[in-house]
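Q: Return a 3D structure for these sequence lines:
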Amino acid sequence: MHVDTHLETGILAEAPAAARLAETIGFDGIWTPETKHNPFLPLTLIAEHSSRLICGTSIAIAFARSPMVLANIAWDLQAYSQGRFVLGLGTQVKGHNERRFSVKWESPGPRMREVILALRAIWDCWQHGTPLRFQGRYYTFTLMTPFFNPGPIAHPHIPIHIAAINPYMCRLVGELCDGIRLHSFNSRRYTEEVILPNIRAGAEKAGRSPDDIAICGGGFIITGATSEEIEQEKEKVRQRIAFYASTRTYKPILDIHGWGETCLILHQMAARGEWEAMAGQITDEMLEAFAVWGTYDEIAEKVWERYGGVVDRVVLPFPRTPEAQEAMQDVVQALKSRAERGTHRPASDSRGS
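A: This is a model prediction of the structure:
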């Protein structure tokens, strides 16, 4: 199990220090999301100010950019980081594509498949001089002159991870991708009963081993020095769970636990702008299914109990204070030591988790 962190802020001036600190603490990777800022720009600085950290997007919005644009950004970051970059992509939901990015919404699963295939075709052209002749339903790339070809790099295989929830996307992970970025709004039960079986099915279809596909992330992790700190963070996470649970795309995650009606209630509340009140719909049982928490002394064992044997990479919160940074160094080492000892809870013990 690799232990990563995320840099939620897009303030570029913070990236160098964050990279150095993450490496000192012992994190294996650092990920940047596409929320309020561009997810790619901080990775240049993270790559520059670290020597071993995996650095990647978790996630960048795929359809808001041409695959040619994505290919070029990823190629440069892979070359600059000396092979440490991971391209994490997601579809986002229809409303954000149409109303936030002004992008036409078309069959997200098949379109994501073409994005991945187009990226591989473009990179093959740049690395090996293969004629660029990609023609699909959504994208066509048939022109690449020497003036626009960046040429080969030392580490041409750029891992592609995608965010996946529904069975089609999970099978696509197994068929074409190097890894899956599990949504924070996710439970161990949904992972084991829906996500992993479909990844295996996709891998078998493509003649691949599921063991070659990285399972990354998986839920909210809450930690702190005292129970009071944890309680404060739990309420913030309860609010975030309510936000995600109001999106009907994520209803299947609630359905598997018998909580589908909550999604419909929250969707109506969101439509009325009742954001502050929505957290009240998230019960303690729901919070426990989507989050794991404990003090710094407890959290390593609790994370292993929840995710051991299920995921290959977990993402811990980035520590902001000197006290938290010192404590997190111990947490990372404890979690890695626990993973080295192996053994984990059987799937039959994980219902509701």
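Q: Doesn't residue 5 lie inside a helix?
A: No. Using DSSP: H, G, I helix; E, B strand; the rest coil, the secondary structure at residue 5 is strand, not a helix.
Q: so who does it touch?
A: 22, 25, 27, 29-31, 315-318 (CB atoms under 8 Å, 6 or more residues apart in numbering). C-betas here are computed from N, CA, C, even on glycine.
Q: let's see 10 Å
A: By CB atoms under 10 Å, 6 or more residues apart in numbering, the contact set of residue 5 is 18, 21-22, 25, 27-31, 53, 314-319, 328, 332.
Q: what's the weakest-modelled helix or strand in this protein?
A: helix 94-95 (a mean of 90; mean pLDDT, DSSP states H and E).
Q: Report the distance from whichever helix or strand comes after it to the chain centre.
A: Next helix or strand after helix 94-95 toward the C-terminus (DSSP states H and E): helix 108-128. Its chain's C-alpha centre and that of helix 108-128 lie 20 Å apart, by CA atoms, centre = their mean, to the nearest Å.
Q: pLDDT on helix 108-128, on average?
A: The average pLDDT within helix 108-128 is 98.
Q: Name the residues of that helix that are buried.
A: 108, 111-116, 118-123, 125-126 (16 or more other CB atoms under 10 Å).
Q: Partner strands of the next helix or strand after that helix and their direction?
A: Of the helices and strands lying after helix 108-128 in sequence (DSSP H and E), the nearest is strand 134-135. Using DSSP bridges, the strands paired with strand 134-135 are strand 140-141 (antiparallel).
Q: What about the contacts of residue 5, which are in helices?
A: 18, 21-22, 25, 328, 332 (DSSP state H).
Q: Return the closest of the residues you listed with respect to residue 303.
A: residue 332 (10.6 Å; CB to CB).
Q: Find the residue closest to that closest one in space, skipping its chain neighbours.
A: residue 26 (4.4 Å; CB to CB, 6 or more residues apart in numbering).
Q: Residue 299 touches residue 331, doesn't it?
A: Yes. Here residue 299 lies in contact with residue 331, judged by CB atoms under 10 Å, at a distance of 5.8 Å.
Q: shared neighbours, the two?
A: Common neighbours of residue 299 and residue 331 (CB under 10 Å, 6+ apart) are 221, 223, 316-317.
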